[in-house]
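Enquirer: following is a predicted model, sequence given first.
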Amino acid sequence: MSQSRSTRPMGRSPLMRNIGDRPVAQLRREVDSLKHSSRERTLKPEDLRDFTFLLSNFGMIAGRYATPVVVPPAVAILGSGRLSHDVVATRNGAIEAHPRMPLSLTFDHRCVTGGEAARFLAALIHDLQKGN
């Protein structure tokens with residue numbers, strides 16, 4: 001009898017399920033395990049199917065901007081571009097160099113409203129600005 005994805009040992013599948021009720025520390029460990037499995041190329045093609053939300057780090061390849069395309073059963077894709085130091089004008093008129101990482105959020109309007117997507121992106125940016 002085969003195991004379902006929700007009961008597989010950590011690191012076997014890149015899919016993380018039911019994350020809303022789990023502690024952040026546990027999620028961090030699972031993401032680290034998934035990164036390791038990806039680098040070791042131990043993931044199988046069937047492990048990459050049937051996701052709801054996808055994180056895509058196209059910036060690691062060379063991309064800065066992208067337009068991710070949502071393909072069902074996915075509901076949304078968050079893409080991150082290459083981190084760079086850009087010149088930014090501050091509120092007081094000064095010019096400073098700041099690290100910036102472009103984010104591209106694509107979502108299916110049949111499942112997610114624009115307000116929900118904007119609030120998610122704002123919360124994500126807020127958390128990223130806090131750092132570790």
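Expert: Everything's here; your move.

Enquirer: distance check, I77 against D21.
Expert: Remark: distance between I77 and D21 (CB to CB, to the nearest Å) = 23 Å. The C-beta positions use only the backbone N, C-alpha and C, and glycine is treated the same way.

Enquirer: and if you look at N92?
Expert: For N92, the distance to D21 - CB to CB - is 43 Å.

Enquirer: could you find the closest non-adjacent residue to the residue nearest to the spatial centre of the chain?
Expert: Nearest to the geometric centre of the chain sits L55, at 3.1 Å (CA atoms, centre = their mean). Here the nearest residue to L55 in space, its sequence neighbours aside, is L78; by CB to CB, 6 or more residues apart in numbering that works out to 5.6 Å.

Enquirer: wasn't the one you found part of a helix?
Expert: No: according to DSSP: H, G, I helix; E, B strand; the rest coil, L78 belongs to no helix; its state is strand.

Enquirer: next up, the contacts around it.
Expert: F53, L54, L55, S56, P68, L103, S104, L105, L124 (CB atoms under 8 Å, 6 or more residues apart in numbering).

Enquirer: which residues of this structure fall in helices?
Expert: 24-39, 114-130 (DSSP state H).

Enquirer: which of those has the lowest average pLDDT?
Expert: Comparing mean pLDDT across those, the weakest is helix 24-39, with a mean of 86.
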